[in-house]
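K.L.:
Quick one, fold the following:
(chains A and B)
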Amino acid sequence: MRIAIEHHTHYRFSEPQARLVQMLRLTPCDTQDQTVVSWHIGVDCDARLRDATDGFGNAVTMLYAEGPLAGIDITVTGEVLTNEATGMVREAIDPLPALFYCRTTARTHASAELTGFAAEHASGDPLERMHRLNAALHARFPSAPDAPDTGATAAEAFAARKTTSRDLAQIFIACARSLHVPARYVSGYRSDGEATHSAPHAWAEAHIEGFGWIGFDPVTGLSPDASYVRVAVGLDALGAAPIAGMRLGQGREELDVDLHVDRLGGEE
Amino acid sequence: MAANGAFDEIWGHGGPDHPRAEFAALSQWVADTPASELQRRQQAAETAFRQLGITFAVYGDSDAAERIIPFDIVPRIFLQSEWQRLSEGLVQRVEAINAFLEDVYGEGRIIKEGVIPPELVLLNEQFRAEVNRVRPPHGVWAHICGIDLVRTGPDEFFVLEDNARTPSGVSYMLENREAMLRLCPELFRDFRVAAVDSYPDMLLETMRSVSPGSKSDPVCVVLTPGHFNSAYYEHSFLADAMGVELVEPADLVVDDDIVWMRTIGGRVRVDVIYRRIDDDYLDPLAFRPESLLGVPGLIAAYRAGNVAILNAPGNGIADDKAIYSYMPEIVRFYSGGEAKLPNVETFRCREPQALKYVLDHLPELVVKLVDGSGGYGMLVGPTASRTQIEEFRAALIAEPQRYIAQPTLALSTVPTLVEAGLAPRHVDFRPFVLTGGNGVKVVPGGLTRVALREGSLVVNSSQGGGTKDSFVLMDDGAPSGQSQTQVQS
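P.N.:
Below you'll find the model as predicted:
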């Protein structure tokens, strides 16, 4: 599938900022089933951009801008070719052993409620368990829009019964790890037929002995298919955040995201 | 008399009247100097420390922040031959620590080959994925190590702890020596003592040697969290002694993956940072997003190879308690030889054989939680009640992997000035080891901590601990320069 992405992120500041340093995890990497045809990050002000690979294997771009800044617009445009791989992640840059992703974080701590929920799906081999967990989360939370980060932990979102795709991914991760299955957060794009999105999509990957990393998307209850573009991984939503930044200046900020993910004509 | 039959480093096993021959001059000095004079000098030293403001915590005793750590006027002395052997062990250990860090943040051979259980590294919070696959400038990770040792005999040293993050205490080594030179100059005629006052030069040389790029005059700075930090005196002292800027995070900015220092004359590019800030507060974009401290972008600049950071971020995995018990294996793995400096014998209760031994010998052992600190979850067998021992037995059986056990050691003593005169008191030792682009150097001296209470093994300043100067002799021979009365002709 050929997928075109146009992702605008606008920050508006109530007072001018003297400096801005951001870490952007906005660039997908090639895998066996994902080829980046073109990719560009543009900024509407005088900024220095530096590309690197982080310790998780993500392509990151450091952004440095000097003020006074009333706001900043970051525009990502690109095209990616994808294959259907039944959720398998093949030939991705993966510098950390899978066991690393058994760690828990503040965002993905498994509460008693989460551990209990996971245990209900603990029968069968690990792959079956993960599929069952994925389907059960989808059944329990049928609606989970893509939305900006609220800072909620997996346990909070589970208890509140109101979830975004980020929350569901974190809940899946917390449950999988409580079953001793390495699991990680994935941030990326999904072409789901909607014209616009207000945030990137999020899902999870679990590491299954003999298969490697396999994607699970509790939003659909299925594994990712060719309509997904995988961008960054981390231990949780915080660690894979598309944009993390520090600004030097007073006042508040407003975030506005305008995201288009379109399938271009024809199957590849 | 030596306490509990422990080895006294000056008196040996013979007591005050039969000191080790090499140290007869020290006993003579003590005998020749009235106790009141020793007291006076000791007080003069402490007054000077108070005026300097050396009120900082050694080894993380945060409650010692506003107190002077007591100073003892009687030095501890190492023979050159003892020091040589000790140094070899320290160099080997620090080389292994550097090789280990290079490996776990690189290929991970030691994990793949099954020498260390993978979960001890990968699930350890001290393993920082943010610096995974980083190549620090010149391949050095642990530039400044403070290796905590205890001693039980002339050549029996054991490592208690490897400090490879931001070890403190070096300013004590320097200030104690300066006080001794001023107050007891005669001792330096009796003994040829290796100088330690070149430490700031050695540190600066280490910093310059790991500068990225080829600048002949790299810009080095000391990065402090600020004056509220308990070791601020040491930070400012070292910056001053090296003649480099002392900066706080707000003084540094990263632009285009390059670190700059703000000065009144404009921005100055920084090449080497000796940081005395914990990893967590170095860079909010890499470590703690909720923290407003730190230098945003610093890790990106580091990853890009544009700045050297001493010590490297992520070093905590090398000196972590859970890793400590594997140090003999780590040294063997990278050096190909046995560790010259042993660990305190440590039983890993995760191993069934060790667990059985521990359960059979609980009253003789100290049992510790692998992830505990500050004395929590600790059993001191020899002083524990039967109930406590049985509680630990149950806990050990339930979760053996969480515990390690060690024998109680008969720590060496050094004569120490107490109210009643001179008495043996237990000591430990922190030597400092510097690793730069051109090798490993051991500073000929260090920080001796002494438990001032009789029989106490606790040297922490928060619990009645003090410090002493630590002499390293330049030779083993008879004291030189000592005046002798000639036979009258």
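
K.L.:
Any part of stretch A:142-162 near chain B?
P.N.:
No. Applying Cβ under 8 Å from any Cβ of the partner chain, one finds stretch A:142-162 separated from chain B by no less than 9.5 Å. For glycine as for every other residue, the C-beta is placed from the backbone atoms N, C-alpha and C.

K.L.:
Tell me the spacing between the residue in the stretch 51-200 of chain A that chain B sits nearest to and B:Ile323.
P.N.:
Residue nearest to chain B within the stretch 51-200 of chain A: A:Gly55 (3.3 Å; Cβ to the nearest Cβ). Distance of A:Gly55 to B:Ile323, computed by Cβ to Cβ, to the nearest Å: 19 Å.

K.L.:
and A:Thr31, backbone torsions?
P.N.:
Backbone torsions for A:Thr31, taken as degrees, to the nearest 10, come to phi -130, psi -180.

K.L.:
and it, how many neighbours does it have?
P.N.:
19 (other Cβ atoms under 10 Å in any protein chain shown).

K.L.:
check contacts around B:Glu130.
P.N.:
A:54-55, B:286-287, B:299, B:313-314 (Cβ atoms under 8 Å, 6 or more residues apart in numbering or on different chains).

K.L.:
And the pLDDT at B:Val487?
P.N.:
pLDDT recorded at B:Val487 is 65.

K.L.:
Residue 149: what secondary structure?
P.N.:
All of this is about chain A. coil (DSSP: H, G, I helix; E, B strand; the rest coil).

K.L.:
that's the other chain; I wanted chain B
P.N.:
strand.

K.L.:
doesn't B:Val433 make contact with it?
P.N.:
No. B:Leu149 is beyond contact range of B:Val433, at 11.4 Å (criterion: Cβ atoms under 8 Å).

K.L.:
any idea how the chain splits into domains?
P.N.:
Answering for chain A, as no chain was given. Per automatic domain parsing, the domain ranges recorded for chain A read A:2-80+A:243-264, A:84-234.

K.L.:
meant chain B, my bad for not saying
P.N.:
With automatic domain parsing as the reference, chain B has domains B:26-338+B:410-472, B:347-407.

K.L.:
Please identify the most buried of the ones you listed.
P.N.:
For the domains of chain B, the largest average neighbour count (mean count of other Cβ atoms under 10 Å in any protein chain shown) is found in domain B:26-338+B:410-472, namely a mean of 19.

K.L.:
Straight-line length of it, end to end?
P.N.:
In domain B:26-338+B:410-472, first residue to last residue: 14 Å (Cα to Cα, to the nearest Å).

K.L.:
How many residues are close by B:Gly14?
P.N.:
12.

K.L.:
Doesn't A:Glu156 belong to a helix?
P.N.:
Yes. Membership of A:Glu156 in a helix is supported by three-state DSSP.

K.L.:
Quickly find the element holding the residue most central in space within chain B.
P.N.:
Residue closest to the average C-alpha location in chain B (Cα atoms, centre = their mean): B:Gly146, at 2.7 Å. Per DSSP states H and E, B:Gly146 falls inside strand B:144-153.

K.L.:
likewise B:Phe157?
P.N.:
strand B:156-163.

K.L.:
contact partners of that strand?
P.N.:
B:7, B:86, B:89, B:93, B:97, B:145-152, B:318-319, B:324, B:327, B:341-344, B:409, B:428, B:430.

K.L.:
tell me the mean pLDDT over whichever helix or strand comes after it?
P.N.:
Proceeding N to C from strand B:156-163, the next assigned helix or strand is helix B:170-183, under DSSP H and E. Average pLDDT, helix B:170-183: 95.

K.L.:
before we move on, what about stretch B:210-219?
P.N.:
pLDDT averaged over stretch B:210-219 gives 93.

K.L.:
what's the answer for stretch B:112-124, then?
P.N.:
95.

K.L.:
quick one: furthest residue from the center of chain A?
P.N.:
Residue of chain A lying farthest from the centroid, by Cα atoms, centre = their mean: A:Pro68 (31.0 Å).

K.L.:
Look up the pLDDT of that one for me, please.
P.N.:
95.

K.L.:
distance of it from A:Asp44?
P.N.:
On the measure of Cβ to Cβ, A:Pro68 and A:Asp44 end up 14 Å apart.

K.L.:
Quick check: which ranges of the chain have low pLDDT?
P.N.:
Using chain A. A:266-268 (pLDDT under 70).

K.L.:
oops, chain B please
P.N.:
B:1-4, B:55-67, B:371-377, B:461-463, B:477-489.

K.L.:
Find me whatever residue is spatially closest to the residue in it positioned nearest to chain A, sequence neighbours aside.
P.N.:
Nearest to chain A, among the residues of chain B, is B:Asn132, at 3.3 Å (Cβ to the nearest Cβ). Leaving out its chain neighbours, the residue that sits closest to B:Asn132 by Cβ to Cβ, 6 or more residues apart in numbering or on different chains is A:Gly55, at 3.3 Å.

K.L.:
In contact with that neighbour, which residues?
P.N.:
Contacts of A:Gly55 by Cβ under 8 Å, 6+ apart are A:95-96, B:128-134.

K.L.:
With adjacent residues omitted, what lies nearest to the residue of the stretch 151-268 of chain A found nearest chain B?
P.N.:
Nearest residue of the stretch 151-268 of chain A to chain B: A:Met246, at 3.9 Å (Cβ to the nearest Cβ). By the measure of Cβ to Cβ, 6+ apart, the closest residue to A:Met246 outside its immediate chain neighbours is B:Pro296, 3.9 Å from it.

K.L.:
okay but that neighbour is in contact with B:Leu282, surely?
P.N.:
No. Look at B:Pro296 against B:Leu282 with Cβ under 8 Å: they stay out of range, at 10.1 Å.

K.L.:
and the stretch 101-250 of chain A, which of its residues are near chain B?
P.N.:
So far as Cβ under 8 Å from any Cβ goes, the stretch 101-250 of chain A lies against chain B at A:102-103, A:235, A:238, A:241, A:244-246.

K.L.:
I'd like a version of the residues you listed in CSV, one that adds secondary structure and neighbour count as further columns.
P.N.:
Formatted as CSV, those follow (DSSP: H, G, I helix; E, B strand; the rest coil; neighbours: other Cβ atoms under 10 Å in any protein chain shown):
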residue, secondary structure, neighbour count
A:Cys102, helix, 18
A:Arg103, coil, 19
A:Leu235, coil, 24
A:Leu238, coil, 19
A:Ala241, coil, 20
A:Ala244, strand, 20
A:Gly245, strand, 19
A:Met246, strand, 19
